[in-house]
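Peer 1: Give me the fold of what follows.
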Amino acid sequence: MNKNQKILVVGCGIAGPMICYWLKKYGFSPTLIEKSKELRTGGYAVDVRGIAADIVKKMGIYDAIYTKRTSVLSKRYVDAEGRILSEEKGEKASFREGSDVEIERGNLVDILFQSISDIPCHFDKEIMHLIQKDEFVEVTFKGGQTEHYDLVIAADGLHSSTRKMAFSRDEYDLFSLGSYIGIFSIPNYLHLNRVEVSFVKDQKIIGVNCDQDPDRALVRLAFCAKKALSGIESEKRQKRCLKETFYGLGWESNRLLDLIDDSKDFYFDAIAQIKMDCWTKGRVALVGDAGYCPSPMSGQGTNLAIVGAYILAGELKLAKGDFSIAFKRYNELMRPLVDASQDLGVWVGESYLPEGEISKERVEERSNLIREKIKVLSSGISLPNYE
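Peer 2: Okay, here's the model as predicted:
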């Protein structure tokens, strides 16, 4: 029988439900908590590639993911006047091949959440204090309730509060890539039909796509900043920042910015990575973006969350719950994949937002290089078989 049965998992994104599934399958007793009041829906598209696709096939949810996949058929780059510079069609446009699938983040989270319907999950529940003891972790929740757990697994994202409680500030680095991203929905006034259009100029990019809902388009704005921004904590100030940065850039920039205030699903954040020498400490482990966010530029965040959760749960199974053995193996197995994914994130970040206007040749050269790098990375680890 496994030791250390009672496990608290923090964060109902991708990594959290994923590791709960495998922990339950391997005989552990996970409980999932999420500080939000409900499951987050919508959001940008994410990729399930290579070995991550193999893992969701093992779970029996690949067909559900495939059914909900995005269906953008064409990706175009345009100039300031809207003239097409470059266009790619089919899976090649999104650097996918074989079993690779793109899906909206919210749809993937919903599928994962449905796969753990037999696992206790508590929304609107937040950790306030975490104290590690020799035999357990003492967790105090908002409201004053205290519980003891054998292990705590943090899957609460780039700005993980659990990481801040369990690790000292010199044990992790929130490494900025010098750029910011904003995402929001608008009415599909451009009448796009399963098309994504991008405009790049002066280290800024505007992307607009319409997928399965003909009335809705998703806008993505990203830009380089010479220094870290301050005083933009509120959504109102973040929207103002984007307006000041993109207004007058060209193409549809002004019309898109006029629609930003009416958006109900606005998202804004720095493009950053989490750098750590070790993702475990005592009885606490980090998985997904909480431990090794590679940045949205890499396109590998979902893959790392899926693979990391699978390996961490699998190593706990092999070690029969002996976390000291399992955590050591988890760190060793994930390190090459994490380092390569983060290197890709830095490289894409540097090449994605060039100075001046982008040319047709530059688009095609960069796309070919990204395609080659992702192909190598997506199968860059031999997947252990814990069955």
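Peer 1: Next, residue 101: phi, psi?
Peer 2: Main-chain dihedrals, residue 101, degrees, to the nearest 10: phi -140, psi 140.
Peer 1: separation between it and residue 52?
Peer 2: Here the criterion is C-beta to C-beta, to the nearest Å. By it, residue 101 lies 9 Å from residue 52. Yep, even glycine has a C-beta here, placed from its N, CA and C like the rest.
Peer 1: can you check residue 306 too?
Peer 2: To residue 52, residue 306 is 4 Å away according to C-beta to C-beta.
Peer 1: now residue 39
Peer 2: 21 Å.
Peer 1: Comparing these two, which shows the higher neighbour count?
Peer 2: A direct count of neighbours by other C-beta atoms under 10 Å for residue 39 and residue 52 places residue 52 higher, at 25 against 16.
Peer 1: Using the three-state scheme, assign that one.
Peer 2: Counting by DSSP: H, G, I helix; E, B strand; the rest coil, the backbone at residue 52 sits in helix.
Peer 1: Would you agree it is in contact with residue 302?
Peer 2: Yes: Residue 52 lies in contact with residue 302 (C-beta atoms under 8 Å); the separation is 6.8 Å.
Peer 1: Where does the prediction get shaky in this protein?
Peer 2: Residues of the chain meeting the criterion pLDDT under 70: 1, 42-43, 90-97, 356, 359-360, 378-380.
Peer 1: most residues in a single strand of it, which one?
Peer 2: Looking across the chain with DSSP state E, the single longest strand is strand 173-187.
Peer 1: Check which helices and strands the longest helix seen in the chain sits against.
Peer 2: Longest helix in the chain by number of residues (criterion: DSSP state H): helix 323-352. When contacts are defined as 3 or more C-beta pairs under 8 Å, 6 or more residues apart in numbering; DSSP states H and E, helix 323-352 sits against strand 173-187, strand 267-275, strand 280-281, strand 284-286, helix 289-292, helix 301-318, helix 360-378.
Peer 1: if you set the cut-off to 6 Å instead, what comes out?
Peer 2: Helix 323-352 sits against helix 301-318, helix 360-378, with contacts defined as 3 or more C-beta pairs under 6 Å, 6 or more residues apart in numbering; DSSP states H and E.
Peer 1: How far away from the center of its chain is the first one?
Peer 2: Meaning helix 301-318. 15 Å (C-alpha atoms, centre = their mean, to the nearest Å).
Peer 1: could you dump it to CSV, C-alpha only?
Peer 2: Presented in CSV, the C-alpha positions along helix 301-318 are these (Å, rounded to 0.1, in the frame of the first residue of the first chain):
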residue,chain,number,x,y,z
GLY,A,301,3.2,25.3,-21.2
THR,A,302,0.3,22.8,-21.6
ASN,A,303,2.7,20.0,-22.6
LEU,A,304,4.9,20.6,-19.6
ALA,A,305,1.8,20.6,-17.3
ILE,A,306,0.5,17.3,-18.8
VAL,A,307,3.9,15.6,-18.8
GLY,A,308,5.0,16.9,-15.4
ALA,A,309,1.7,15.8,-13.7
TYR,A,310,2.0,12.3,-15.3
ILE,A,311,5.6,11.8,-14.2
LEU,A,312,5.2,13.2,-10.7
ALA,A,313,2.2,10.9,-10.0
GLY,A,314,3.9,8.0,-11.7
GLU,A,315,7.1,8.3,-9.7
LEU,A,316,5.0,8.5,-6.4
LYS,A,317,3.4,5.2,-7.5
LEU,A,318,6.8,3.6,-8.2
